[in-house]
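Participant: just the structure for this:
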Amino acid sequence: MSTLEYLRLAGVDDGFFPQHYKELRLRTVLAGTLYRGRELVDLKLSSVTVDGDDGTERVLGILKSFERVDVVFLDGVTVAGFNIVDPEALLEACTAVVVVYKFQPRLEKVEAALRKHFSDWQVRFNVIRRTYERSQVVATRWKPMRVALVGDVVEGLGRLISYLQLVSSTPEPLRVADLVASAVSRNEVLLNLLNKPRPA
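Facilitator: Predicted coordinates:
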């Protein structure tokens with residue numbers, strides 16, 4: 001048995017939200033998966049504010065609920081629009097963060113959008129730019145992938161990603177987190193329930 005089979009590997013991703021959620025600062029689904037090697041052992045659901053500032057806190061909450069996480073996979077550093085997840089802050093709850101870039105961000109357009117819509121645009125943009133600047137193209141068994149590593153992966157980044165590419169180039173913990181979050185958030189009843197005002 002290789003050391004990879006003992007690792008506790010998480011993936012966190014957000015769900016769908018209607019466009020008007022941005023203006024109203026409503027919430028969408030955040031899903032987290034936990035694998036032991038290639039076996040799914042836990043699943044958590046949370047919520048996150050569209051274009052809010054609770055992304056890092058919400059992801060940390062999921063990771064801490066898993067008790068121990070070696071590596072967590074993210075799809076970029078934004079969830080629910082421009083809600084930022086700071087990979088460096090996540091090291092409080094794991095050994096390493098792997099940020100997967102499915103598409104190359106156009107930083108100048110991202111900066112312009114943030115300047116237009118957010119008073120704290122510099123804070124948000126600094127995390128986006130800082131993380132992307134540390135990214136690298138890694139050879140995997142599926143295809144070369146651009147990823148940013150924050151923290152340490154003793155097993156080798158390309159080897160770890162390849163190990164988790166079961167049905168696509170996306171590492172399985174992240175792929176399943178995306179599937180779950182997307183499926184749950186497409187249910188209008190559940191999404192409305194998530195945003196139902198709570199009694200004081």
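Participant: show me what contacts L174?
Facilitator: Counting by CB atoms under 8 Å, 6 or more residues apart in numbering, L174 touches G11, V12, D13, T33, F73, L74, D75, V100. (Each C-beta comes from the backbone N, C-alpha and C, glycine too.)
Participant: partners of the helix or strand hosting V137 in the sheet?
Facilitator: Assigned by DSSP states H and E, V137 belongs to strand 135-138. Strand 135-138 pairs in its sheet with strand 145-151 (antiparallel), by DSSP bridges.
Participant: measure how far the partner strand is from the centre of its chain, please.
Facilitator: 13 Å (CA atoms, centre = their mean, to the nearest Å).
Participant: can I get that strand in CSV, CA atoms only?
Facilitator: Extracted C-alpha coordinates of strand 145-151, given in CSV (Å, rounded to 0.1, in the frame of the first residue of the first chain):
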residue,chain,number,x,y,z
MET,A,145,-2.5,21.2,-15.5
ARG,A,146,-1.9,24.7,-14.0
VAL,A,147,-2.0,24.5,-10.2
ALA,A,148,-0.8,26.5,-7.3
LEU,A,149,0.6,24.7,-4.2
VAL,A,150,0.4,26.4,-0.8
GLY,A,151,2.1,24.3,1.8
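Participant: need the strands for this structure, in chain order.
Facilitator: Remark: strands assigned in the chain by DSSP state E are 8-14, 27-36, 39-49, 71-75, 78-79, 83-84, 96-101, 135-138, 145-151.
Participant: which residues does the nearest residue to F17 once chain neighbours are set aside bridge with?
Facilitator: Excluding the flanking residues, the one nearest F17 by CB to CB, 6 or more residues apart in numbering is T28, at 4.0 Å. Bridge pairing for T28 (DSSP bridges) gives the partners V48.
Participant: enumerate every residue touching T28.
Facilitator: Here T28 is in contact with 14-17, 21, 47-48, 50, 80, 181, 185, 191, 194 (criterion: CB under 8 Å, 6+ apart).
Participant: same question, K109
Facilitator: Contacts for K109 (CB under 8 Å, 6+ apart) come out as none.
Participant: now do it against V79, distance only.
Facilitator: Plainly put, K109 is 19 Å away from V79 if you go by CB to CB, to the nearest Å.
Participant: not counting its neighbours along the chain, what's nearest the most centrally placed residue in the chain?
Facilitator: The centre of the chain sits closest to L74, judged by CA atoms, centre = their mean, with a distance of 3.1 Å. Distances taken as CB to CB, 6+ apart put V99 closest to L74, at 5.0 Å, once the chain neighbours are dropped.
Participant: R146 now?
Facilitator: Ranked by CB to CB, 6+ apart and with sequence neighbours excluded, the top spatial neighbour of R146 is Y101, at 4.3 Å.
Participant: what ranges does this protein have for its helices?
Facilitator: Per DSSP state H, the chain carries helices over the ranges 21-24, 55-65, 87-90, 107-117, 121-133, 157-164, 172-185, 188-194.
Participant: what about the residue nearest to G151 when sequence neighbours are not counted, distance to V153?
Facilitator: Nearest non-adjacent residue to G151, counting by CB to CB, 6+ apart: A96, 3.3 Å away. Between A96 and V153 the computed distance is 5 Å (CB to CB).
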